[in-house]
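Engineer: sequence first, predicted coordinates after that:
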Amino acid sequence: MITDQTTDTLSIFLQNLPGAVSKLKNRLQRNYEQLYPGLHDLIRIVLDEEEANARKLSPFPHLLLPDLVDAHIAQLGLEPVNYENLFKPVRTSAEQNHQLIPAYAGC
């Protein structure tokens, strides 16, 4: 049963979707530029192409975009961003004091 509240929630979600995709593209751009600082234009082209593909494949392109971009980057012979390592702690000289300092990759 669809209620007015469900309809309102869906409407708000669909209104916010373009902004969410844009923010995701910006975040992916920053992540890849950290890995490949000289490839700004190439990364932007890949993101634009894969956004178009994601929009053709799904009404929820933000769910597919990261994987499509990673696959495209891999086809170019580049390493995809390793999302698992973005927030791993980095050991420094403070290690002697048994302290860990977290490393954050510009998210």
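Structural biologist: Structure received. Residues are numbered from 1 along each chain as shown.
Engineer: okay, now K23: neighbour count?
Structural biologist: Neighbour count of K23, defined by other Cβ atoms under 10 Å: 12. For glycine as for every other residue, the C-beta is placed from the backbone atoms N, C-alpha and C.
Engineer: before we move on, what about Q29?
Structural biologist: The number of residues packed near Q29 is 16, by other Cβ under 10 Å.
Engineer: from P59, how far out is it?
Structural biologist: Using Cβ to Cβ, to the nearest Å, Q29 is found at 23 Å from P59.
Engineer: name the element G77 belongs to?
Structural biologist: For G77, there is no enclosing helix or strand under DSSP states H and E.
Engineer: roughly how far does it sit from L39?
Structural biologist: 12 Å.
Engineer: who has more neighbours, the two?
Structural biologist: A count of neighbours by other Cβ under 10 Å puts L39 above the other of G77 and L39, at 16 against 6.
Engineer: and the gap between the more buried one and L47?
Structural biologist: Per Cβ to Cβ, L39 is found 12 Å from L47.
Engineer: below-threshold pLDDT in this structure: ranges please.
Structural biologist: 1-17, 83-107 (pLDDT under 70).
Engineer: and the helices in it?
Structural biologist: Ranges of helices within the chain are 4-35, 40-57, 61-75, based on DSSP state H.
Engineer: buried residues in the second one?
Structural biologist: The one in question is helix 40-57. By 16 or more other Cβ atoms under 10 Å, the buried positions in helix 40-57 come out as I43, V46, L47, E50, E51, N53, A54.
Engineer: dump those into CSV; add distance to E33 as well.
Structural biologist: Output for the buried residues of helix 40-57, formatted as CSV (distance: Cβ to Cβ, whole Å):
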residue, distance to E33
I43, 6
V46, 12
L47, 11
E50, 16
E51, 17
N53, 21
A54, 20
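Engineer: G19: which of the residues you listed is nearest?
Structural biologist: Proximity to G19 was ranked across the buried residues of helix 40-57 by Cβ to Cβ; first place goes to E51, at 13.4 Å.
Engineer: that closest one and V21 touch, don't they?
Structural biologist: Yes: using Cβ atoms under 8 Å, E51 is in contact with V21, at 6.7 Å.
Engineer: joint contacts of those two?
Structural biologist: Common contacts of E51 and V21 (Cβ atoms under 8 Å, 6 or more residues apart in numbering): P61, L65.
Engineer: great, nothing more from me.
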